[in-house]
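1. A structural model of the following input is requested.
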Amino acid sequence: QVQLVESGGGLVQAGGSLRLSCAATGRTFSKYAMGWFRQAPGKEREFVAAIYWKSGVPFYADSVKGRFTINRDNAKDGVSLQMNNLKPEDTAVYYCAAETSQSVILTYAGAYEKWGQGTQVTVSA
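-> Predicted coordinates:
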C-alpha cells in the first residue's frame, strides 16, 4: 500500500524559510502529477503548487508564486516544497498529494487520489 509522508514543518518568523518534503513509501506507483495543498483553520483546503511528474513542469497558486518552489525528489519518489519569504497568512497544515489519472484540473483537491497526513507550518509576525 502506498503512503505519502510529509516532513519539515515547523514554526518560523515572517520572512524566514522552510523546506517541506514528501516521501512515497510502500510500492512504487505511477504518478501523473504531485502537488501541495494547505488548509488553515476554518478555511477550505487550497491549492499551493503542483508538478507534472514526467516533464517536471511546475505551476503555482498566485499567492505563492515567486516565493515557493516545488521540485521532484527522485530519491524519495516524492516532492519537496521550498518556501521562502514566509508570511503569517501562509500558516496552515500542508498536505502532499499524488494524482494518477491524468486529471486536467490539478488545482482541484478532488483530482488527487492519494494524500499525506499533513504537516503544520506556523509563521509568526
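2. just the strands in the chain please.
-> Applying DSSP state E to the chain gives strands spanning 3-7, 10-13, 18-25, 33-39, 46-52, 58-60, 68-73, 78-83, 92-99, 114-115, 119-124.
3. count of residues packed around the closest residue to V48 other than its chain neighbours?
-> The shortest distance from V48 to any non-neighbouring residue, by C-beta to C-beta, 6 or more residues apart in numbering, is to W36 (4.3 Å). C-beta here means a position set from N, CA and C on the backbone, and glycine is covered the same way. For W36, the count of nearby residues is 26 (other C-beta atoms under 10 Å).
4. beta partners for W36?
-> In this entry, W36 is beta-bridged to A49, C96, by DSSP bridges.
5. now do it against T119, distance only.
-> 10 Å (C-beta to C-beta, to the nearest Å).
6. show me what contacts the residue positioned nearest the centre of the chain?
-> Nearest to the geometric centre of the chain sits W36, at 2.0 Å (C-alpha atoms, centre = their mean). Counting by C-beta atoms under 8 Å, 6 or more residues apart in numbering, W36 touches 20, 22, 48-50, 70, 79, 81, 94-97.
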